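J.: Next one to model:
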Amino acid sequence: MALPCSVPRFTTDPFWAILWISVALSGLAAAAPVGWSIPSLIAPRGGTATIGGIMNFLNNMMGVVAPITTGYIVGATQSFTGAFLVAGIVLGIGIVAYVFILGRLEPIEDPPPA
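T.: Presented below is the predicted three-dimensional model:
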């Protein structure tokens, strides 16, 4: 039997649900500045806004895709369990990508003068 505090999806106690939601949002608030510093670290001179804009566009596109995907999953299964599972898998892939795939951050070379 799982503890009542183990996963917010499996609790009916508002205390534990709020606690785990707070932990998740705290993690997001701590990680976001790190992700948003990447454009300034890798962009060539004068390109930070372009790279930041591309990153912002892609982040917002995922903000469109996520609720649509959630709706399809919930419509097919009549449960949010699968949607939370997919979100957890995507989160895990993102963590692995940042830790192992991203690698050393080095600035993109400035283009040669015209």
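J.: Would you map the helices across this protein?
T.: 14-42, 48-77, 81-96 (DSSP state H).
J.: quick one, which of the ones you listed is nearest to Pro107?
T.: Pro107 lies closest, by Cβ to Cβ, to one member of the helices of the chain: helix 14-42, at 5.7 Å. Using the backbone N, CA and C atoms, a C-beta is placed for each residue, glycine as well.
J.: closest one to Pro111 among the helices of the chain?
T.: Set against Pro111 and scored by Cβ to Cβ, the helices of the chain come closest in helix 48-77, at 12.2 Å.
J.: about what we covered before: mind checking the helices of the chain for the one nearest to Glu109?
T.: Of the helices of the chain, nearest to Glu109 by Cβ to Cβ is helix 14-42, at 10.6 Å.
J.: just for this protein, where's the confidence low?
T.: Where the chain drops to pLDDT under 70, the residues are 1-10, 114.
J.: pretty sure Leu41 contacts Leu105?
T.: Yes. Proximity of Leu41 to Leu105 meets the contact threshold set by Cβ atoms under 8 Å, at 4.9 Å.
J.: if we can go back for a sec, closest one to Pro113 among the helices of the chain?
T.: helix 48-77 (18.4 Å).
J.: Just name whatever secondary elements the closest one is in contact with.
T.: Helix 48-77 sits against helix 14-42, helix 81-96, with contacts defined as 3 or more Cβ pairs under 8 Å, 6 or more residues apart in numbering; DSSP states H and E.
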